[in-house]
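A.B. asks: after the sequence you'll find the predicted model.
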Amino acid sequence: MSTPASPRRASASPAWVLTVLGALMLLVFVADTLTDYAIAAAVFHTTLLLIAIRFLSARQVVMLAAASIVLTVVSFLLTRSGHYEAGLVNTCISIIAIGVTSYLGLKLKSAQAAAHQARERLLRLSRLTTLGQLSTSIAHEVSQPLAAIAASAGACQRWLDADPPNVEKARATAQRIAADAQRAKDVLERVRSITRNETPARTAFDLNQATQEIIELSRGELLRAGISLTLSLQEKLPPAYADRVQIQQVIGNLLLNAIEALSEPGKRAPQIHIRTLAPEPGKVQFLIQDNGPGLPAGQMPQLFDTFWTTKPAGLGLGLTISRAIMDANNGHIGAADNVREGALFQFTLPTAP
């Protein structure tokens, strides 16, 4: 019912404005006719034209301007009192003022229409860009559980092809595949909720346990890269209060970044050190440090910018998404530039109330 009512209101509004402005123009005409030649009452037509420019179309404004000029000339011919030459000058000035006001007003109206069209085009481009960023971010975040699924599927097939088949290990591997598939589904839901600015599903959870689950998913990558992982998880750590799946996304992204930073062969044995602690009441903290090449000097402020990356094949979205997740969960993420070697990233979360 509301859809057809809108056009009726839109069409009635200009007619109402035309009626009011027509009545006011007649009042100006009467005042200009009854007063002395020296009183340029016709100049008030310019005020009415400014109102018309605000509410009416360009064609309607031109018609009103022409009507104003005609009324001004007729009023001059009907006026009988005052100095004729002064009235002629005032009439010419009024006509010029009406013409100039109409011209400038229509130019302004045209510029406003062009600006509106430009805003509409920018809005469409923004929507297309957001859609592209969403697709890229989903692919980026889902890549890790999909890689774990592929690795587990290969392992399951090898256990089944063994002679005799190792059913127990194959069953355990199949369970990991199901868990990774569920995690990929959860990641998709969480990424979509971030783009819709939805409130995260905050719950109390064990940050140490969440960290160990992500490490198990990345165990194969760590072994293939020959990376030594050291864990320093604080005992009796207060439970964090945030969206568990989103925080695991951040942990997985930071761990993957550290593994990729250590992928190039170097002189020192590659090492990653992960810590958790409670730096102050009401806060829990996660820290990850590697002994790789470190962060680019002077480029710390750009680390979390969209599409900025130091990786040749990087997307520049991981840290951006991680910061968005932390902001949505009342947390904070950052990097330290004063470490002796490698890179150090950390994030802080509130504890459960």
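C.D. replies: Perfect, I can see it now.
A.B. asks: skip the chain neighbours and tell me the closest residue to residue 40.
C.D. replies: residue 90 (3.9 Å; CB to CB, 6 or more residues apart in numbering). All C-beta atoms are positioned from the backbone trio N, CA, C, and that covers glycine.
A.B. asks: check which helix or strand covers the one you found.
C.D. replies: helix 84-161 (DSSP states H and E).
A.B. asks: part of a helix, is residue 259?
C.D. replies: Yes. Counting by DSSP: H, G, I helix; E, B strand; the rest coil, residue 259 falls inside a helix.
A.B. asks: what is the burial count for it?
C.D. replies: 20 (other CB atoms under 10 Å).
A.B. asks: was I right about it contacting residue 219?
C.D. replies: No. Residue 259 is beyond contact range of residue 219, at 11.0 Å (criterion: CB atoms under 8 Å).
A.B. asks: test my guess that residue 155 contacts residue 171.
C.D. replies: No. Assessed by CB under 8 Å, residue 155 is found out of contact with residue 171, at 11.9 Å.
A.B. asks: between the two, which has more neighbouring residues?
C.D. replies: Between residue 155 and residue 171, counted using other CB under 10 Å, the more crowded position is residue 155 (18 against 11).
A.B. asks: and residue 203, what is it in contact with?
C.D. replies: 241, 242, 243, 244 (CB atoms under 8 Å, 6 or more residues apart in numbering).
A.B. asks: what is the nearest of those to residue 106?
C.D. replies: Set against residue 106, the nearest of these by CB to CB is residue 243 (54.7 Å).
A.B. asks: count of neighbours near that closest one?
C.D. replies: By other CB under 10 Å, the burial measure for residue 243, its neighbour count, is 21.
A.B. asks: do the same with residue 24
C.D. replies: Residue 24 has 15 neighbouring residues, counting by other CB under 10 Å.
A.B. asks: do residue 230 as well
C.D. replies: Residue 230: 10 surrounding residues under other CB under 10 Å.
A.B. asks: quickly list what the closest residue to it other than its chain neighbours is bridged to.
C.D. replies: Spatially, and ignoring its direct neighbours in sequence, residue 230 is nearest to residue 273 (4.6 Å; CB to CB, 6+ apart). Judged by DSSP bridges, the bridge partners of residue 273 are residue 230, residue 289.
A.B. asks: likewise the one 4 residues further on?
C.D. replies: Residue 277 has these beta-bridge partners by DSSP bridges: residue 285.
A.B. asks: now it: how far from residue 240?
C.D. replies: Look at residue 277 and residue 240: by CB to CB, to the nearest Å, they are 12 Å apart.
A.B. asks: swap in residue 177?
C.D. replies: Distance from residue 177 to residue 240, by CB to CB: 28 Å.
A.B. asks: comparing these two, which residue is more hemmed in?
C.D. replies: Counted by other CB under 10 Å, residue 177 and residue 240 do not tie: residue 240 has more neighbours, with 28 against 17.
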